[in-house]
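Colleague: With the input below, show me the fold.
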Amino acid sequence: GNSVVPRYITLWCERNEGTGGECSMADGERVVEDLQQTSPWAIEALAKPNAAIYRSGREQYSGPVISQDPTGRWQFRLRLDSNGFFSAETLHAVSRLREAIALRTFTFALSPGQGYIIDNWRYLHGRLTFSGERVMLRTLIK
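Modeller: The predicted structure is shown next:
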């Protein structure tokens, strides 16, 4: 089924004894605004009901990459790893979306004792590759 997307996510660094692994984030609302100005066709393609399929363990999501809630707020369901699959007509829009995200992305490192809380419905988030030992504690708040 389509699981509920947590509204907030916290990430807390307990231990970080390695290299890399910086957090990366982009404001999804700004990304959509950019696409509305430069590539409105991409928003249309990404909002189609069959745009994407994501698998994670037993969970599967099938639906749009972006959608608007009843208040007009944009929401993303985006996976850019090997568990994300896109329809042929969506692939070009995903490429354009990646470019728009890159322009709005910022990165930062978390040291032990540091963390963040984000609005998961608004911010796109991930991490860069890392090597070594680290312990990160994550909380999902629905």
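
Colleague: Now do the buried residues in stretch 31-51.
Modeller: Within stretch 31-51, the residues scored as buried using 16 or more other CB atoms under 10 Å are 31-32, 34-35, 39, 42-43, 45-48, 51. Every C-beta, even on glycine, is put in place using the N, C-alpha and C of the backbone.

Colleague: from the residues you listed, which ones fall inside helices?
Modeller: Assignment to helices by DSSP state H places the following of those there: 31-32, 34-35, 42-43, 45-46.

Colleague: any chance of these in JSON lines, plus pLDDT and distance to Cys13?
Modeller: Converted to JSON lines, these look like this (pLDDT from 0 to 100; distance: CB to CB, whole Å):
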{"residue": "Val31", "pLDDT": "96", "distance to Cys13": "26"}
{"residue": "Val32", "pLDDT": "95", "distance to Cys13": "30"}
{"residue": "Asp34", "pLDDT": "97", "distance to Cys13": "30"}
{"residue": "Leu35", "pLDDT": "97", "distance to Cys13": "32"}
{"residue": "Ala42", "pLDDT": "97", "distance to Cys13": "35"}
{"residue": "Ile43", "pLDDT": "96", "distance to Cys13": "35"}
{"residue": "Ala45", "pLDDT": "96", "distance to Cys13": "37"}
{"residue": "Leu46", "pLDDT": "96", "distance to Cys13": "32"}
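
Colleague: Dig out what the residue nearest to Gln114 when sequence neighbours are not counted forms beta bridges with.
Modeller: If the residues on either side of it in the chain are set aside, Gln114 comes closest to Cys13, at 5.4 Å by CB to CB, 6 or more residues apart in numbering. Bridge pairing for Cys13 (DSSP bridges) gives the partners Met136.
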